[in-house]
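Peer 1: based on what follows, work out the 3D shape:
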Amino acid sequence: MSFIKQQLQTIFSQALAKAYPSLADSSIEITASNQAKLADYQCNSAMKLAKLAQTNPRDFANQWCAQIPNAGLIQSIEVAGPGFINIRLAPAAIAQHLMDMLHDQQLGVQAKEIQSQKIIVEFSSPNTAKQMHVGHLRSTIIGDCLARVFEFLGCDVLRLNHVGDWGTAFGMLIAYLKLEHPHVLDGSETADLTALASWYKAAKKRFDEDETFKKNSQLEVVALQSGNAESLKAWQMICQISRQNYQEIYDLLDVKLNERGESFYNPFLAEIITDLETKGLIQVSDGAKCVFLEGFVSREGEPLPMIIQKSDGGYNYSTTDVAAMRHRTQVEGTDRIIVLTDAGQSLHFQMVHKVAEKAGYLINPKDHRVRFDHVTFGLVLGDDGKKIKTRAGDSEPLINLIYTAIDEALKIIQQRDHDLTEAEQKHLAEVLGVNAIKYADLVGNRVADYKFSYERMLRFEGNTAAFLMYAYVRIMSIKRKITERQNATNAIQASTVMHLAHPSELALGLHLARFDEVILQLTDDLLPNRLCEYLYNLAEHFNAFFRDCRVEGSPEETSRLLLCELSAKILETGMKLLGLKTANKM
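Peer 2: From the prediction side, this is the model:
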């Protein structure tokens, strides 16, 4: 719970115990007010508790509030309507909390209940031998943001890239290369990912049309799974070519990942079958080993099986994902697993989760129940409302979108500012272009589709990355101007008092004080758009403060400089958590 809410909770709980001792252990709901003109926070528990006390809600609320001191954190309390309690915080208490935040490395965000947890975030997860396309964008960007938030809170975070590096696809590709491009396999001919992707398409076509090739491909899979040296060498070569291509994208996006593909879990698959059989969870259906789960039925109303081992003895994604769940909890001892995929895989992961639960895989060695979150997201669409495609009808390569955004950003920067050197323009274009792509992805609710538009995402007005970057640059400019006249850094470090008097100061101060609320909420609902909205509102509050309250040369200069400093710190930290970079000038 956030600092301010925790303090209010304590105050109201103590007052309730005095006013109504029989209700001392009752839960209390305190929320930020959605009507700033009326209150900073509100308590809506009086009506519920009044029923237990068998009294009038408004009388109950007045009796309750009579036990709350109008001092310290609270400036005033008002009972409104049938029993709503409006709370106004004391400006001095807000100011003191802001000072504590300013001198705290975590900016006042405390998450003791999770900071010692081990958390696995699985994201990005492209398929080897295929180009990363726009469909991988959301998983990569959202996953990186969530990993950053938990790292900021002090959690032990393992960022996993669960790449598709195993199975029939490799049998097809190796069989095709042996026939058509044997010199690639012996190392006398080089290849890149574009070539591999092209050959994979050709291999897939032949697999579907040629029974002999299909059988050879299946034999190659068996050879690979059995550890054949020649097959493993070919597989490693294919993986390395893909890895180099993906790394260029991850470097541009400033995303760090630990690759652990499907192949990692191959040695454990037979164990999974044996364990599930021992626990009585396996049923044989048409020769396949399945788990039937209560509540999962087909459209026709028939029980829906989760196939763990195919009738030919082969394994599939379900086997791998159950094995991954078991390894992450039983071997690695994680406390929470977060997997990011598009919404189309919801049913699959609901079943994987249920199987892992029934098999007892969600209890870690510390005897703690492991929390599993499947984080889904919508599609990235073009301006026509359809999936983004190339002219040939293929999915647009992700690398193309990133470099186009950087090029478009450079054009805008060249039109706006002639004071930057060519090198500065190029650097700023890369920062702005990548920031724009990331923010456009994160700013909407992740479960919804969104339209990809360079023009919209690169705007300097509205809720965009450029708007946040410009707000940060403005704050840093104020600091530089004051520093030229005095040692502002020393003044900030030496100051222990902040005064909030003007309404714009109070609005900005209260918003800054709520930083921990949005971060803690994000750790639960895993919705990065909440942080985007907070930062956008922070920039808006700061702009209003800057408009209404003179900083440089005013009698309140030092106090207002402290507000600027904290605003810059929170804006910079928040942007970093989103995976965005700041700029010193624009």
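Peer 1: for the protein, just list every one of the strands.
Peer 2: Per DSSP state E, the chain carries strands over the ranges 30-32, 41-43, 74-80, 84-89, 118-122, 156-161, 258-259, 283-285, 288-297, 303-309, 336-342, 371-377, 380-381, 450-451.
Peer 1: now for the protein, the helix or strand with the poorest mean pLDDT.
Peer 2: Scoring the helices and strands of the chain by mean pLDDT, DSSP states H and E places helix 488-494 at the bottom, with a mean of 57.
Peer 1: run through this structure and note the low-pLDDT ranges.
Peer 2: Within the chain, the segments meeting pLDDT under 70 span 389-394, 484-496.
Peer 1: do that again at 80, thanks
Peer 2: Along the chain, the model assigns pLDDT under 80 to residues 1, 70-71, 187, 225, 383, 387-396, 417-418, 483-497.
Peer 1: what's the residue closest to the geometric middle of it?
Peer 2: residue 146 (3.0 Å; Cα atoms, centre = their mean).
Peer 1: pretty sure that residue contacts residue 526?
Peer 2: Yes: counting by Cβ atoms under 8 Å, residue 146 does reach residue 526; the two are 5.9 Å apart. For glycine as for every other residue, the C-beta is placed from the backbone atoms N, C-alpha and C.
Peer 1: list residues touching both of these two?
Peer 2: Taking Cβ atoms under 8 Å, 6 or more residues apart in numbering as the criterion, residue 146 and residue 526 both touch 338, 375.
Peer 1: now the helix with the most length in the chain: buried residues?
Peer 2: For the chain, the helix with the greatest residue count under DSSP state H is helix 229-253. Of the residues in helix 229-253, 231, 234-235, 237-239, 241-243, 245-246, 249-250, 252-253 count as buried by neighbour count, 16 or more other Cβ atoms under 10 Å.
Peer 1: so which elements touch it?
Peer 2: Packing partners of helix 229-253 (3 or more Cβ pairs under 8 Å, 6 or more residues apart in numbering; DSSP states H and E): helix 137-152, helix 168-180, helix 182-185, helix 193-209, helix 211-225, helix 398-416, helix 422-442.
Peer 1: and if we set it to 7 Å?
Peer 2: helix 168-180, helix 193-209, helix 211-225, helix 398-416 (3 or more Cβ pairs under 7 Å, 6 or more residues apart in numbering; DSSP states H and E).
Peer 1: any idea of the angle the third one forms with helix 168-180?
Peer 2: Taking axes from the mean of the first three to the mean of the last three Cα atoms, to 10 degrees, helix 211-225 and helix 168-180 form an angle of 120 degrees between their directions.
Peer 1: I'd like to know how many residues surround the residue nearest to residue 76 when sequence neighbours are not counted.
Peer 2: With sequence-adjacent residues excluded and distances taken as Cβ to Cβ, 6 or more residues apart in numbering, residue 76 is closest to residue 88, at 4.5 Å. Counted with other Cβ atoms under 10 Å, residues neighbouring residue 88 total 16.
Peer 1: correct me, but residue 88 touches residue 40?
Peer 2: Yes: with contact defined as Cβ atoms under 7 Å, residue 88 counts as touching residue 40 (5.6 Å).
Peer 1: quickly list what's touching both of those two.
Peer 2: Residues touching both residue 88 and residue 40 (Cβ atoms under 7 Å, 6 or more residues apart in numbering): there are none.
Peer 1: how about the helices in the stretch 1-150 of the chain?
Peer 2: Assignment of helices within the stretch 1-150 of the chain using DSSP state H, counting those that start in this stretch yields the ranges 3-19, 46-53, 57-65, 91-102, 137-152.
Peer 1: out of those helices, which one sits most buried?
Peer 2: Comparing the helices of the stretch 1-150 of the chain by mean neighbour count (mean count of other Cβ atoms under 10 Å), helix 137-152 ranks first with a mean of 24.
Peer 1: show residues contacting that helix.
Peer 2: Applying Cβ under 7 Å, 6+ apart, the set of residues contacting helix 137-152 from outside is 119, 121, 123-125, 157, 159, 253, 255, 338, 340-341, 375, 377, 380, 398, 438, 441-442, 446, 519, 522-523, 526, 528, 576-579.
Peer 1: just the buried subset of these, please.
Peer 2: Buried among these by 16+ other Cβ under 10 Å: 119, 121, 123-125, 157, 159, 253, 255, 338, 340-341, 375, 377, 380, 398, 438, 441-442, 446, 519, 522-523, 526, 528, 577-579.
Peer 1: and the gap between the closest residue to residue 214 other than its chain neighbours and residue 169?
Peer 2: Nearest non-adjacent residue to residue 214, counting by Cβ to Cβ, 6+ apart: residue 207, 5.2 Å away. When distance is defined by Cβ to Cβ, to the nearest Å, residue 207 is 9 Å away from residue 169.
Peer 1: before we move on, what about residue 71?
Peer 2: Separation of residue 71 from residue 169 (Cβ to Cβ): 69 Å.
Peer 1: these two - which one has more neighbours?
Peer 2: Set side by side, residue 71 and residue 169 show more neighbours around residue 169, with 21 against 9, by other Cβ under 10 Å.
Peer 1: now do the contacts for that one.
Peer 2: 129, 200.
Peer 1: ok, now with 10 Å
Peer 2: The neighbourhood of residue 169, defined by Cβ atoms under 10 Å, 6 or more residues apart in numbering, consists of 127, 128, 129, 130, 200, 203, 204, 207, 217, 221, 238.
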